[in-house]
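Undergrad: what's the 3D shape of this:
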Amino acid sequence: MKRRKKMISVLVVALFAGVTSHAEVTASKDRVQQRLREMLEVPASEKGPISLNLREITLAAMARSDSFKAIVAKLVAVQSDELAQSAMTDAALSLQARQEWNRNQPNSLFGTSRFDQTNVDLGLEKRFQSGTRLSLGLGEYRNNSSFGTAFGTIDAKVAGAKLELTQSLWKDFFGSSTRDLMKSGKLKTEARIAAFESEVEDWFLQLSGLYHQVWFAQKRVEATRESLARKERLAKLFQRRKSLGISEEAEQIQVESAVDQARVQLDELIRYLDQYWNLLVVSLKLPEEDRFINPLDVPVTIDAAQTEVAMDCKMTPATNQMIRQVEQEMAALELIASATQDQLRPDLMLSLGLGTNGSVLNASDDFATRWSNSLSARYPAYTVGLMFRLPLDASAEKSKTMEVFSAKLQLQSRLSQLKDQLLSDYGTACFDLKMLSGHEKLYQKMESEMKRRTELEETRYRQARVLPFIVLQAGDELYGTTLARSANLVKWNEKKWALEKTSGKLYPTLDHWVVEKNSKSIRDTAKTEVQP
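TA: Numbers count the residues shown, from 1 in each chain. I've put the predicted structure just below:
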């Protein structure tokens, strides 16, 4: 596992310019195979060449690329809405201490000439999903007062406890609004998760597009090399005919120009491949030196097109990640709209309270006695209250209602558009995939026939039965057919993955890859890296 967590690369030390002999080419490819075996943790007992594939590149990019880390970073805030709504039922603990020294002049016969008081209060408050607010308070205070009359001095130490319950009977009828808002927070979390999954899918499609371009660039270089070899072989045949005096100068110019043109094209395609390889190396955050390897030594594979595709393009899937995201947001907004409407109602609050105390007057400190009297409720005090509140303007609530209603209309339109888009995209992609599968069969046949034709035309040229133009034309048609088949295979792969996203199956596939590697899902694996 340590090796897989290290830099996943296909490091080869040979530069293009340095690979000048067959031995060096072989050594370079051997080093590539060794690196691939380390990267994929292939047992030494398993023989045969190892190739890169889209699955391994994706897992490497998930572990290293900045673009994926930026998406994963959003998991930090995935529960922010849920936590914000849960804050309504959070408990709060408070501690307060106060000391007062009062030396005001008495203004009555019973006034104090000296008043010293110490208060220490501990409070706990909790709101429940039923809309009930419960508060508990414990207090300790000392009152030392001196009177200017015969009353003398009072030194009282008091311990008190108070329990108060408040219940909304109208606006938040037994917590209906509170529960709606808390449910909306959970639905928004689900919506954020769906948005994350959709973004992972988009990220994968971009990465797979780059990977397929690397493969296609390799195929273009290989096809061009084969084309150049055919033209060089034709040039050798021409030299033989020239030595026999049966060639013309125009033929020589034509053949040599074709060879030169193929060489120029090969140089351009090698540079083109190198650019895509560099981009892939940078995207995967591989070491700097990996940019200078020969990408032709790296075996890159893609999925072969299925020539027999059994799909019912009329069986449109019901949903995907984008639709699921909007549906969750819609459900959350429905609950928020209900809670917002509740805020326009009058409120009727019922409050019940129980208070007890225990005190010691003009006596030594007896902590146990006063707290025993207080907590045993030997000296209770009961309170019952009703409060009615009628909002006259409720401008803030009306403003919130307008915003929620507007957002609801927008989401309804968005959801309808996404469902229509699903019908359109799935049908189009499905038929395109079938068409490309059929094209693969045709290209296989065409390529085989073109190869045969090229061989026949070369034979005819050896027999001086055709001009070199005919041989060059046959080779160019074979070259074009080979490139067209490779391009068709890239389109088939891209359409296949796009169809997976449209039908909502792409993220589960990617998640399965990660589970096979880490025994954890994408989100569980990422959570260890993004904990706040």
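Undergrad: CA only for contacts and neighbour counts going forward, please
TA: Noted.
Undergrad: Check the gap between Leu478 and Ser448 for me.
TA: The span separating Leu478 from Ser448 equals 9 Å under the rule C-alpha to C-alpha, to the nearest Å.
Undergrad: Comparing those two, which residue is more hemmed in?
TA: More neighbours surround Leu478 than the other of Leu478 and Ser448, with 23 against 14 (other C-alpha atoms under 10 Å).
Undergrad: Quick check: chain neighbours aside, which residue is closest to the more buried one?
TA: Among residues not flanking Leu478 along the chain, Met450 sits closest, at 5.2 Å (C-alpha to C-alpha, 6 or more residues apart in numbering).
Undergrad: for the residue nearest the centre of the chain, what are its contacts?
TA: When C-alpha atoms, centre = their mean is applied to the chain, the residue found nearest the centroid is Phe196 (3.6 Å). Phe196 makes contact with Ile71, Val72, Lys74, Leu75, according to C-alpha atoms under 8 Å, 6 or more residues apart in numbering.
Undergrad: Kindly report the same for Lys451.
TA: In this structure, Lys451 makes contact with Leu478, judged by C-alpha under 8 Å, 6+ apart.
Undergrad: coming back round to it: next secondary structure after the helix or strand harbouring the residue nearest to the centre of the chain?
TA: Here Phe196, judged by DSSP states H and E, is contained in helix 176-243. Along the chain past helix 176-243, the next helix or strand (assigned with DSSP H and E) turns out to be helix 249-283.
Undergrad: re the thing from before, wouldn't the residue nearest to Leu478 be in contact with Ala474 here?
TA: Yes - with contact taken as C-alpha atoms under 8 Å, Met450 and Ala474 are classed as touching, separated by 7.1 Å.
Undergrad: just so I have it, where are all the strands in this protein?
TA: Residue ranges of the strands in the chain, as given by DSSP state E, are 92-102, 112-127, 132-147, 153-168, 347-361, 380-389.
Undergrad: Which of those sits closest to Arg263?
TA: Using C-alpha to C-alpha as the measure, strand 92-102 is the one of the strands of the chain that comes nearest Arg263, at 77.8 Å.
Undergrad: Now do the closest one, average pLDDT.
TA: Averaged across strand 92-102, the pLDDT comes to 86.
Undergrad: Could you check the angle it makes with strand 132-147?
TA: Between the axes of strand 92-102 and strand 132-147, defined by axes from the mean of the first three to the mean of the last three C-alpha atoms, to 10 degrees, the angle is 20 degrees.
Undergrad: list the contacts for Leu418?
TA: Applying C-alpha under 8 Å, 6+ apart, the residues near Leu418 are Met322, Ile323.
Undergrad: any idea how far it is from Trp203?
TA: Computed as C-alpha to C-alpha, the Leu418 to Trp203 distance reads 20 Å.
Undergrad: what do you get for Leu350?
TA: Taking C-alpha to C-alpha as the criterion, Leu350 is separated from Trp203 by 54 Å.
Undergrad: remind me which residues of the stretch 201-350 of the chain are low pLDDT?
TA: By pLDDT under 70, the weakly predicted segments of the stretch 201-350 of the chain are 243-247.
Undergrad: now the helices: where do they sit in the stretch 401-532 of the chain?
TA: With helices called from DSSP state H, counting those that start in this stretch, the stretch 401-532 of the chain shows them at 468-502, 506-518, 522-530.
Undergrad: in the first one, what counts as buried?
TA: Translated: helix 468-502. Judged by neighbour count using 16 or more other C-alpha atoms under 10 Å, the buried positions of helix 468-502 are 468, 471-472, 474-502.
Undergrad: Before we move on, what's the pLDDT of Gln531?
TA: Here the pLDDT value assigned to Gln531 is 61.
Undergrad: same question, Asp116
TA: Model confidence at Asp116, given as pLDDT, is 75.
Undergrad: Distance of it relative to Asn357?
TA: Between Asp116 and Asn357 the distance, using C-alpha to C-alpha, works out to 20 Å.
Undergrad: How about the contacts made by the closest residue to Lys491 other than its chain neighbours?
TA: Excluding its sequence neighbours, the residue lying closest to Lys491 (C-alpha to C-alpha, 6+ apart) is Leu436, at 7.6 Å. Leu436 makes contacts with Asn488, Leu489, Lys491, Trp492, as judged by C-alpha under 8 Å, 6+ apart.
Undergrad: you'd agree the first one is up against Glu440?
TA: Yes - judged on C-alpha under 8 Å, Asn488 makes contact with Glu440 at a distance of 7.0 Å.
Undergrad: Tell me where the model's unsure across the stretch 1-150 of the chain.
TA: With pLDDT under 70 as the threshold, the stretch 1-150 of the chain has low-confidence stretches at 1-28, 32, 34-43, 108-114, 147-150.
Undergrad: any chance you could map the helices in it?
TA: In the stretch 1-150 of the chain, the segments counted as helices under DSSP H, counting those that start in this stretch are 2-5, 22-40, 54-64, 66-72, 80-86.
Undergrad: that older thread, can you add distance to Ser413 and pLDDT and give the contacts of Leu436 back as JSON lines?
TA: Putting the contacts of Leu436 into JSON lines (distance: C-alpha to C-alpha, whole Å; pLDDT from 0 to 100) gives the following:
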{"residue": "Asn488", "distance to Ser413": "37", "pLDDT": "97"}
{"residue": "Leu489", "distance to Ser413": "37", "pLDDT": "96"}
{"residue": "Lys491", "distance to Ser413": "32", "pLDDT": "96"}
{"residue": "Trp492", "distance to Ser413": "32", "pLDDT": "96"}
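Undergrad: List just the nearest of those to Leu279.
TA: Nearest to Leu279 out of the contacts of Leu436 is Lys491 (C-alpha to C-alpha; 20.3 Å).
Undergrad: Return the distance of that closest one relative to Ser424.
TA: Look at Lys491 and Ser424: by C-alpha to C-alpha, they are 19 Å apart.
Undergrad: ok, now Thr166?
TA: As defined by C-alpha to C-alpha, Thr166 lies at a distance of 55 Å from Ser424.
Undergrad: What count of nearby residues applies to the residue lying closest to Ala394 once chain neighbours are set aside?
TA: Once flanking residues are discounted, Ala394 sits nearest to Leu344: 6.7 Å by C-alpha to C-alpha, 6+ apart. Applying other C-alpha under 10 Å, we find 19 other residues in the vicinity of Leu344.
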